[in-house]
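Visitor: Pasting the sequence and the predicted coordinates here, then a few questions.
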Amino acid sequence: MNNKVLLFQVKEFIAHTAAVNDLCFDIEGEYIGSCSDDGSVVISSLFTEERMKFEYHRPMKAIALDPDYVRKSSRRFVTGGLAGHLYFNMKKWMGFRDQVLHSGEGPIHAVKWRTSLIAWANDAGVKVYDAANDQRVTFIERPRGSPRPELLLPHLVWQDDTMLVIGWGTSVKIASIRTNQNKGSNGTYKHIPLSSMNQVDIVASFQTNYFISGLAPFGDSLVVLAYISGEVDGEKDFSSNVPSRQGNAQRPEVRVVTWNNDELATDALPILGFEHYKAKDYSLAHAPFSGSSYAGGQWAAGDEPSYYIVSPKDVVIAKPRDAEDHISWLLKHGYHEKALAAVEAGEGRSELIDEVGSTYLDHLIVERKYAEAASLCPKLLRGSASAWERWVFHFAHLRQLPVLVPYIPTENPRLRDTAYEVALVALATNTSFHKDLLSTIKSWPPVIYSALPIISAIEPQINTSSVTDALKEALAELYLIDGQHEKAFSLYADLMKPDIFDFIDKHNLHDGIREKVAQLMMIDCKRAIPLFIQHKDLINPSDVVSQLMAAKTKSEYRYFLHLYLHALFVSNPHAGRDFHDMQLDYEISPKTLVSLFRWAIDLTKAEVTSSACARLFINFVSYAPVELYAEYDRKMLLPFLRNSQHYTLEKAYEICITRDLLKEQVFILGRMGNSKQALAVIINKLGDIEEAIEFVSMQHDDELWEELIKQCLNKPEMVGVLLEHTVGNLDPLYIVNMVPNGLEIPRLRDRLVKIITDYRTETSLRHGCNDILKADCVNLLIKYYKEATRAICLGNEEDEARAKRDRNRNSQLTERSLSIKSMEVKSKIRGGTRCCMCFDPFSIRDVSIYVFFCCHAYHETCLNDSITSVSSKKKPPASTRTDLSFYEYNNADDDNDDDGSGGDGNDDDYDARKRCILCTTAAG
């Protein structure tokens, strides 16, 4: 606890003509007493001009004022010097009067007054006098072997009202004095009987390894001013040696010790010229006690003890360290972590954390502990935006900003945009921190910075060797923040991001898939293929196929090509017709090659030279054969062969032979017209007679049946199966007759029985079908005849109105009316638009017209008159209209009347029963 300060003069007293040996204050600090070698004692008021001077004509070495000097009129003090007398001076009625309390034991070296107790030291030791009882209390002998007082002065200090501390040479004694008086409530002392004599107990005593140059109380401990000589002999006997001016003394130290000599703190003092000083050249004084000190402590509440270390040329003021002093000391000695912990624990002012933090960070930067400094920034810089920005740019200047980025706040406080942009650029330009760049971009809100400066810093690195996937993804995120979705999609595709398809749909980036076919297929072919097919208008099959071919270095490109072409074929068999050969064999057909070649030329968007065309051609034809369906999905090959008409049969047949695909060979041979060879494959390789029979049946070729029979004759089991399945196709007797004699056919009897049974069943079914067919023909002819003999009435406007009321007729009547209109046209042409009875044109008479399917037409009146006339010749006139003549047809006899009325007697049914008079008469 040392603190060196400058002293400023407050008041000056010119009281002595020689050296001042001792000073003393009263308890209130209003009066100061001094003694000097000039033999005088002067007591002065610090705040008034009052001064008293006493002459003793011998050098005076010690003085002590009554603690209650300011409050008592007696104005008592004690003083002593080389004369060996201890004077007790007090004011009486007749003036000041001296009383000698002690003499004859050598000079008085020190004197201290506390309450009513006066302690002084001379050559013999220390004595205590009770001024209240006017009696001597005790005597404490001088420690043996201690230096003579003129060489090293003894030191006295009252720890409290009854505790006296004596320091002499290298010895410390603490005496507890029990008095026969107590202090009254009004501040006066009350006496107790004299039988209760004063007693002194030495409660503590210890030796030091240094000379004591001063003593002062410090709570329950002691402050000792230690003088350490310069001799290096660790076994030096302090009791037999006296310090001397040899120029080898060490720095004096202020030590805080307990009554057991346990050191609590030690500080070496920066005294100028300490090498040449003796122990008695130093002195230690402490601030006067306040008025409330007698209540139990040395200082009043809120008072701070001060200690003064005086040397010939320096005065050092020492105070107990407070929290801030402790923190300053820790910082000075490099204990920054402890200083920070002390501030965080609430020691000192809260503002100190800024100072401590800045100092600590500077220290770490000097030590190049950048990561540790960065981790402490949130704690030390807290919510100061300016401090954060200052350190951000400082780290950037040191090229260590990446280690600070994880700790930079994005809110509370929010920094300027430039600070965040500088941080992200620092991450982008360092390959080791590209992953940190990506995580930072994802975690930081986009509103706190502009993406364009970071994009500008990253784009030049994309095509260099230092580019990483993390950097690409970070750039894609920045493009997304800046609204450049197409560029972001391109990078996501290169990075094979699984959620790219959702990204395409979300931002409607279907135009961009044209250049990323291979990447999308590698990411998720199940989602990519429907996307390509759905947007054929944006990316045609040639684009997809060409890019998949260009991605030949990819291990699965052939499989992807197969999946795409298959899905394209399923969605539209004709959409990828130029590539159907490719689905069989990747050795491109000329037609496919031309298509791809044209696409490649269009893609260049430039003038193509002959050498460039040659290179393109070589690139296309140099691809190794890949039988897509045959290699990846054989079960779909046959359906493909059946449904597609855009592949080369010869090439497909070669693939099937190479892959030993028998059923596919049979189908291709059948389509090529080589049925016999296909049949041979079925019988000789497949050995499936049922499939052979089915194949021959589909060909509808009698010669092929004979070929089948010939190839089966040497195989008894096949002959048996052939007999079972030829019913309805061949005569079984024909097969039986061709079977060689002696050929054993398994289960022949059972098969012949089955053939006969099946034949009988087939014959019976045929007869039944023929009978049904004949009956249906007769019924249909009758119905046709009835319909053909009906009359159709073409009425006037009233008839048309009646037709409007009947517009809800069923569709069959509508079709019949359309047929009638057609017949009307024919009748007008054939009949010359004249009535077949009166031969008048239809247009000159406003009556209804009847038209028949025989192309004859009549006026209604003419037809009715003719029917009536002819009927009257054959039988008597009918009594009612419901009696039908020969020329009328009863529509109710029709089982399936078109309108379903069943002949309810209305006019339409009556008209429909009319018969052509000419045809009927001729038939009759």
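Guide: Done, it's in.

Visitor: Could you use CA atoms for every contact and neighbour count after this?
Guide: Fine.

Visitor: Quick one: end-to-end length of stretch 703-721, please.
Guide: Here the two ends of stretch 703-721 are set 19 Å apart, with distance taken as CA to CA, to the nearest Å.

Visitor: nope, stretch 15-25 is what I meant
Guide: Stretch 15-25: ends 16 Å apart by CA to CA.

Visitor: Show residues contacting that stretch.
Guide: Stretch 15-25 is contacted by residues 31-38, 40, 42, 60-65, 67, 288 when judged by CA atoms under 8 Å, 6 or more residues apart in numbering.

Visitor: Try it again at 7 Å.
Guide: 31-38, 42, 61-65, 288 (CA atoms under 7 Å, 6 or more residues apart in numbering).

Visitor: And stretch 207-225, by the same measure?
Guide: Residues contacting stretch 207-225 (CA under 7 Å, 6+ apart): 155, 157, 159, 167-172, 226-228, 252-259, 279-280, 282-286.

Visitor: what about 8 Å?
Guide: 152-153, 155-159, 167-172, 226-229, 238, 252-259, 261, 279-280, 282-286, 297-298, 309.

Visitor: Please apply the same query to stretch 380-388.
Guide: Under CA under 8 Å, 6+ apart, the answer for stretch 380-388 is 353-354, 357-358, 377, 408, 412-415.

Visitor: And for stretch 56-63?
Guide: Counting by CA under 8 Å, 6+ apart, 21-24, 33-41, 77-83, 108-112 sit against stretch 56-63.

Visitor: Which residues are in contact with residue 201?
Guide: 175-177.

Visitor: Where is the longest helix in the chain?
Guide: Ordering each helix of the chain by length in residues (DSSP state H) puts helix 748-788 first.

Visitor: next structured bit after that helix?
Guide: As assigned by DSSP states H and E, the chain's next helix or strand after helix 748-788 is strand 791-794.

Visitor: Which strands border that next one, and is each parallel or antiparallel?
Guide: strand 849-852 (antiparallel) (DSSP bridges).

Visitor: Tell me where the model's unsure across the stretch 301-450 of the chain.
Guide: 301-304, 348, 350-351 (pLDDT under 70).

Visitor: do that again at 90, thanks
Guide: Across the stretch 301-450 of the chain, the ranges flagged by pLDDT under 90 are 301-308, 312-363, 367, 376, 379-384, 412, 430-431.

Visitor: Helices of that one, start to end?
Guide: For the stretch 301-450 of the chain, the helices defined by DSSP state H, counting those that start in this stretch cover 323-332, 336-344, 352-366, 370-381, 385-397, 417-428, 434-443.

Visitor: can you redo the ones you listed as JSON lines with distance to residue 95 and mean neighbour count?
Guide: Shown next, in JSON lines, are these (distance: least, CA to CA, whole Å; neighbours: other CA atoms under 10 Å):
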{"stretch": "helix 323-332", "distance to residue 95": "51", "mean neighbour count": "17"}
{"stretch": "helix 336-344", "distance to residue 95": "60", "mean neighbour count": "18"}
{"stretch": "helix 352-366", "distance to residue 95": "59", "mean neighbour count": "18"}
{"stretch": "helix 370-381", "distance to residue 95": "69", "mean neighbour count": "18"}
{"stretch": "helix 385-397", "distance to residue 95": "72", "mean neighbour count": "17"}
{"stretch": "helix 417-428", "distance to residue 95": "84", "mean neighbour count": "21"}
{"stretch": "helix 434-443", "distance to residue 95": "91", "mean neighbour count": "18"}
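
Visitor: mind checking which of those is nearest residue 789?
Guide: Residue 789 lies closest, by CA to CA, to one member of the helices of the stretch 301-450 of the chain: helix 434-443, at 89.6 Å.

Visitor: That closest one: how far from the chain's middle?
Guide: 9 Å (CA atoms, centre = their mean, to the nearest Å).

Visitor: Keeping just the C-alphas, turn that helix into CSV.
Guide: Extracted C-alpha coordinates of helix 434-443, given in CSV (Å, rounded to 0.1, in the frame of the first residue of the first chain):
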residue,chain,number,x,y,z
HIS,A,434,-15.0,-20.3,-45.7
LYS,A,435,-17.2,-22.6,-43.6
ASP,A,436,-17.3,-19.9,-41.0
LEU,A,437,-18.4,-17.5,-43.7
LEU,A,438,-21.3,-19.7,-44.7
SER,A,439,-22.5,-20.2,-41.1
THR,A,440,-22.2,-16.5,-40.5
ILE,A,441,-24.2,-15.5,-43.6
LYS,A,442,-26.9,-18.0,-42.5
SER,A,443,-27.0,-16.7,-38.9
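
Visitor: ok, back up a step: now for the contacts of stretch 15-25: which two are most distant?
Guide: Spatial extent of the contacts of stretch 15-25 (CA to CA) is set by the pair 38 and 288 at 25.9 Å.

Visitor: just to revisit the earlier point, which of the contacts of stretch 15-25 tops the neighbour count?
Guide: Taking other CA atoms under 10 Å as the neighbour criterion, residue 35 ranks highest of these with 32 neighbours.

Visitor: Look up the closest residue to it, ignoring the ones flanking it.
Guide: Spatially, and ignoring its direct neighbours in sequence, residue 35 is nearest to residue 41 (4.5 Å; CA to CA, 6 or more residues apart in numbering).

Visitor: Output the lowest mean pLDDT helix or strand found in the chain.
Guide: Within the chain, no helix or strand scores below helix 610-621, which has a mean of 40 by mean pLDDT, DSSP states H and E.

Visitor: ok so, going back, which one of the helices of the stretch 301-450 of the chain lies nearest to residue 403?
Guide: helix 370-381 (5.7 Å).

Visitor: Okay, angle between that closest one and helix 352-366 too, please.
Guide: 170 degrees (axes from the mean of the first three to the mean of the last three CA atoms, to 10 degrees).

Visitor: what's the angle between helix 370-381 and helix 336-344?
Guide: Using the same axes, to 10 degrees: helix 370-381 against helix 336-344 is 20 degrees.

Visitor: Go through the helices of the stretch 301-450 of the chain and name the closest to residue 853.
Guide: helix 434-443 (87.1 Å).

Visitor: so residue 306 makes contact with residue 284?
Guide: No. With contacts counted by CA atoms under 8 Å, residue 306 stays clear of residue 284, the gap being 10.6 Å.

Visitor: picking up where we left off before, now, which of the contacts of stretch 380-388 sits nearest residue 460?
Guide: Distances from residue 460 to the contacts of stretch 380-388, taken by CA to CA, are shortest for residue 408, at 26.4 Å.

Visitor: That closest one: neighbouring residues, count only.
Guide: 22.

Visitor: Ok, residue 871 next?
Guide: 17.

Visitor: Residue 53 too?
Guide: 14.

Visitor: now residue 56
Guide: 16.

Visitor: Need the phi and psi values for it.
Guide: phi -120, psi 0 (degrees, to the nearest 10).
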